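Asks: the following block contains a protein sequence and its predicted model.
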Amino acid sequence: MTVPRLFASIALLSLVACGDPPPAAEAPAPAEPVGADTPAPAFVCPMHPDETSEVAGAKCSKCGMDLEPPKSTDAHSSHDHAH
């Protein structure tokens, strides 16, 4: 490649590289928060809590385990002494 072509190539690449950046992809909408008005799933996978179903006897699509009723998240459910 000759020197003039080399400089022309560098100049062209500089112009292309300095152009406007591509538009940013839109961020996905945030997931709706789980509130008091959102019903808890009837059955969840013990290994994959994101796998849920309203159908009794359903199986996890990731591991094939039977879905179970969700465990209570109450802070006092793990012990039985009086306060």
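Replies: Cool, the structure landed. In this text, all values refer to a predicted model and were calculated from it rather than measured experimentally. Numbering: from 1, shown residues only.
Asks: residue 53: neighbour count?
Replies: 16 (other CB atoms under 10 Å). Bear in mind the C-beta positions are built from the backbone N, C-alpha and C, glycine included.
Asks: that one and residue 46, how far apart?
Replies: Spatial separation of residue 53 from residue 46 under the definition CB to CB, to the nearest Å is 13 Å.
Asks: likewise for residue 56?
Replies: 16 Å.
Asks: of these two, which one has the most company?
Replies: residue 46 (14 against 10).
Asks: using the three-state scheme, assign that one.
Replies: With DSSP: H, G, I helix; E, B strand; the rest coil as the basis, residue 46 sits in coil.
Asks: going forward can the numbers begin at 67, since that is how I track them
Replies: Renumbered: residue one is now 67, and that last one reads residue 112.
Asks: nearest spatial neighbour of it, skipping sequence neighbours?
Replies: Nearest non-adjacent residue to residue 112, counting by CB to CB, 6 or more residues apart in numbering: residue 134, 5.9 Å away.
Asks: please name the bridge partners of the one you found.
Replies: As for beta bridges, residue 134 partners with residue 110 under DSSP bridges.
Asks: might one say that it is in contact with residue 107?
Replies: No: in this structure residue 134 lies outside contact range of residue 107 using CB atoms under 8 Å: 10.6 Å.
Asks: settle it for me: which of the two has more neighbours?
Replies: residue 107 (15 against 12).
Asks: which pLDDT does the model give the residue nearest to that one when sequence neighbours are not counted?
Replies: Excluding its sequence neighbours, the residue lying closest to residue 107 (CB to CB, 6+ apart) is residue 118, at 3.5 Å. Per-residue pLDDT puts residue 118 at 93.
Asks: still on that earlier bit, for the residue nearest to residue 112, what are its contacts?
Replies: Taking CB atoms under 8 Å, 6 or more residues apart in numbering as the contact definition, residue 134 lies against 109-112.
Asks: ok, those vs residue 70, which is closest?
Replies: Distance to residue 70, by CB to CB, is smallest for residue 111 among these, at 66.8 Å.
Asks: so how far is residue 129 from that closest one?
Replies: 7 Å.
Asks: no further questions, thank you.
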